[in-house]
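Q: Pasting the sequence and the predicted coordinates here, then a few questions.
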Amino acid sequence: MLVVSGLSGRIKDPDQARESILKGAAEADGAVLSVPAEDFTPAGSEVTITCQVITAEQTDGTSTPLPMCAWADDNTNASVALVTADSATKEASEIDLAAIARDTVRVRTELREPIG
């Protein structure tokens, strides 16, 4: 499952925008910050990707780790949540955030392509 939420416009403070979008996710109802935010700059990327893991509490009492990353630059700000069969069965601390950051760079690249 891939969930992308973002905006386009003038971003005055990309660092603050990136932190804010992740903070909002961590403070949502039913969410618990399980792995604090960490910055990555994957190879080939000129932008910082910040990733964290929140745990989403389900109505049946179970919880699911939700790895998510965010970026912000001068004109885009977005978060990417990526749940795979593998990550859904791991403990939050076992999720490879560097790999999720690399996936986020690929999503960012594709989203920023001009519509032709």
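A: That came through, no problem.

Q: for this structure, what's the longest helix?
A: Looking across the chain with DSSP state H, the single longest helix is helix 97-111.

Q: so for that helix, what's the average pLDDT?
A: Across helix 97-111, pLDDT averages out at 94.

Q: got the buried residues for it?
A: Leu97, Ala99, Ile100, Ala101, Arg102, Asp103, Thr104, Val105, Val107, Arg108 (16 or more other C-beta atoms under 10 Å). Backbone N, C-alpha and C define where each C-beta goes, glycine included.

Q: Dump those into JSON lines; add distance to Leu33 as well.
A: Formatted as JSON lines, the buried residues of helix 97-111 follow (distance: C-beta to C-beta, whole Å):
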{"residue": "Leu97", "distance to Leu33": "13"}
{"residue": "Ala99", "distance to Leu33": "20"}
{"residue": "Ile100", "distance to Leu33": "15"}
{"residue": "Ala101", "distance to Leu33": "17"}
{"residue": "Arg102", "distance to Leu33": "22"}
{"residue": "Asp103", "distance to Leu33": "20"}
{"residue": "Thr104", "distance to Leu33": "18"}
{"residue": "Val105", "distance to Leu33": "23"}
{"residue": "Val107", "distance to Leu33": "22"}
{"residue": "Arg108", "distance to Leu33": "23"}
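
Q: what about the most centrally placed residue in the chain, distance to Ala99?
A: The centroid of the chain falls nearest to Cys69 when counting by C-alpha atoms, centre = their mean (1.8 Å). Per C-beta to C-beta, to the nearest Å, Cys69 is found 10 Å from Ala99.

Q: need the helices for this protein, in chain order.
A: So, for the chain - with DSSP H - the helices run 14-26, 85-88, 97-111.

Q: Tell me which of those lies nearest to Val35.
A: Each of the helices of the chain has some distance to Val35 by C-beta to C-beta; the shortest is helix 97-111, at 7.0 Å.

Q: who does that closest one touch, helix- and strand-wise?
A: If you count contacts as 3 or more C-beta pairs under 8 Å, 6 or more residues apart in numbering; DSSP states H and E, helix 97-111 packs onto strand 2-8, strand 31-40, strand 49-57, strand 63-72, strand 76-82.
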